[in-house]
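>>> Fold the following for me, if possible:
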Amino acid sequence: MKAARLYGPRKIRIDEVPKPTPGPGEALVRVLACGICGSDLHYFEEGRIGETAVSEPLVPGHEAAGVVEEVGEGVEGLRPGDRVAIDPAVPCGRCEWCRRGNPNLCPEVRFFGTPPTDGALREYLAHPADALFKLPEGLTYEDGAMLEPLGVALHAVDLAHLRPGQTVAVFGAGTIGLLVVQLVRLCGASWTVATDLLASRLEMARMFGADEVVKADEEDPVGRIKGTTGGRGVDVAFEAAWVHGTTEQAVEALTPGGTLVLIGIPSGEDVVSFRASSSRRKGLTIKMVRRAKHAYPRAISMTKKGLLDLKSPVTHRFPLEEVKRAFEVASGYRDGVVKVMVEL
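Residues are numbered from 1 along each chain as shown. Here you go, the predicted structure:
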């Protein structure tokens, strides 16, 4: 079968690899859609995220959906032909954190596209059946792939403990930032501002319910936020970009007692930077988002009911054979790109 494999920064190619066989409790899935995520781009551009580096050829990709082709021994509730979204995380299920209900914090988790675990940019994969979620009628394979970033956005909003009537700033209007904009609207945020460097993404943020948008290379986001709120600042800030200055801006934009939710992954130096005096004197609550947990059933239900738009953020599509171009377009932030989807 064909698989995209990353050999180092900007070195990706299509290889022939063995087709897997499902073991007990597993299903063989024919992958049909896989999104390119920001973490995939870090591995593509830098060959690493923090201390986790690509040292051997790695199949990237973790936002995926497909169709069950075969089931292994002991699998119940799935059969060949079922359309499924694929949860990319396989926690151990035994550790302290798994038993507490926080499998996203499992130290032994295997996660698609994270060294040394191969990801979903391949024609077939064998995966635990209990990590496959049936797609209801009306949801496409692309919708199924988008459930993973939606799960991250749901987890971020859960951590914020957002209350109706509160004010929100979203720094970064990429896929997850745009999903957060939609979710805080559903939660009853009274005013939401989104910031980004790309006008096309800000237009989409407005479409999804942002009351105001700020093109951050033309206007100071903190100045706009303070001006609009009478100097108070916002109750909750989501940092979903982690480019230079955004964490500092998020801290400065928050009101005393506010909550900062850090979603993004830093480029280059693996450091969080903001003024300690501002965050301390304001008594801020700071939350770090680690992937998602128990998100798929809720994400599927919300999408099935039409509460969220998962289609508009998918702006570009490429076949597997053009995977290098797909990564280059996604990493170049050109042509109005938000989410790049690879069709297999």
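
>>> all helices for the stretch 151-300 of the chain, in order.
In the stretch 151-300 of the chain, the helices defined using DSSP state H, counting those that start in this stretch lie at 175-186, 199-207, 221-228, 246-253, 276-282, 296-304.

>>> quick one: which of those helices is nearest K324?
Of all those, it is helix 175-186 that lies closest to K324, at 20.5 Å by C-beta to C-beta. For glycine as for every other residue, the C-beta is placed from the backbone atoms N, C-alpha and C.

>>> List the buried residues for that closest one?
T175, I176, G177, L178, L179, V180, V181, Q182, L183, V184, R185 (16 or more other C-beta atoms under 10 Å).

>>> next one: it to chain centre, how far?
12 Å (C-alpha atoms, centre = their mean, to the nearest Å).

>>> Out of the helices of the stretch 151-300 of the chain, indicate the one that is most buried.
Greatest average neighbour count among the helices of the stretch 151-300 of the chain goes to helix 175-186 (a mean of 25), per mean count of other C-beta atoms under 10 Å.

>>> where does the chain have low pLDDT?
Scanning the chain for pLDDT under 70 picks out the ranges 267-268.

>>> repeat that with 80
In the predicted model, the chain carries pLDDT under 80 at residues 242-244, 265-273.

>>> I'd like to know which elements the strand ranked longest in it is packed against.
For the chain, the strand with the greatest residue count under DSSP state E is strand 26-36. Under the contact definition 3 or more C-beta pairs under 8 Å, 6 or more residues apart in numbering; DSSP states H and E, strand 26-36 sits against strand 63-71, strand 83-86, strand 124-128, helix 141-160, helix 323-332, strand 339-343.

>>> closest to E252 out of those?
Of those, nearest to E252 by C-beta to C-beta is helix 141-160, at 18.0 Å.

>>> what distance separates that closest one from the middle of the whole chain?
For helix 141-160, the distance to the chain centre is 6 Å (C-alpha atoms, centre = their mean).

>>> again, but for stretch 219-234
27 Å.

>>> Take it, keep the C-alpha atoms, and write them as PDB.
Taking C-alpha atoms only, stretch 219-234 is exported to PDB below (Å, rounded to 0.1, in the frame of the first residue of the first chain):
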ATOM      1  CA  GLU A 219      -3.500  47.100  14.400                       C
ATOM      2  CA  ASP A 220      -2.600  46.300  18.000                       C
ATOM      3  CA  PRO A 221      -5.100  43.600  19.200                       C
ATOM      4  CA  VAL A 222      -4.600  44.700  22.900                       C
ATOM      5  CA  GLY A 223      -5.400  48.300  22.100                       C
ATOM      6  CA  ARG A 224      -8.600  47.300  20.200                       C
ATOM      7  CA  ILE A 225      -9.700  45.000  23.000                       C
ATOM      8  CA  LYS A 226      -9.000  47.500  25.800                       C
ATOM      9  CA  GLY A 227     -10.700  50.300  23.700                       C
ATOM     10  CA  THR A 228     -13.800  48.300  23.000                       C
ATOM     11  CA  THR A 229     -14.200  47.000  26.600                       C
ATOM     12  CA  GLY A 230     -13.600  50.400  28.300                       C
ATOM     13  CA  GLY A 231     -10.100  49.300  29.500                       C
ATOM     14  CA  ARG A 232     -11.500  46.200  31.300                       C
ATOM     15  CA  GLY A 233     -10.200  43.500  29.000                       C
ATOM     16  CA  VAL A 234     -11.800  40.100  28.200                       C
END
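
>>> Among the buried residues of helix 175-186, which one sits closest to K134?
L179 (21.7 Å).

>>> returning to that earlier point: I'd like the next helix or strand past the longest strand of the chain.
With elements assigned by DSSP states H and E, the helix or strand that comes after strand 26-36 is helix 38-46.

>>> Following element in sequence after that following helix, please.
Immediately after helix 38-46, counting by DSSP H and E, sits strand 48-49.

>>> Can you give the domain ranges for the protein?
The record's domain split for the chain, according to automatic domain parsing, is 2-134+313-343, 151-288.

>>> Which among the ones you listed is found nearest to Y296?
The nearest among these, by C-beta to C-beta, is domain 2-134+313-343 at 4.5 Å.

>>> For the closest one, measure first residue to last.
Criterion C-alpha to C-alpha, to the nearest Å; first-to-last residue distance in domain 2-134+313-343 is 13 Å.

>>> Could you do stretch 85-97 as well?
Terminal residues of stretch 85-97 lie 24 Å apart, using C-alpha to C-alpha.

>>> who touches the spatially most central residue of the chain in this structure?
Residue closest to the average C-alpha location in the chain (C-alpha atoms, centre = their mean): P149, at 3.3 Å. P149 sits next to G35, C37, E63, T175, I176, L179, K339 when contact means C-beta atoms under 8 Å, 6 or more residues apart in numbering.

>>> before we move on, what about A216?
A216 touches T195, D196, L197, T246, Q249, counting by C-beta under 8 Å, 6+ apart.
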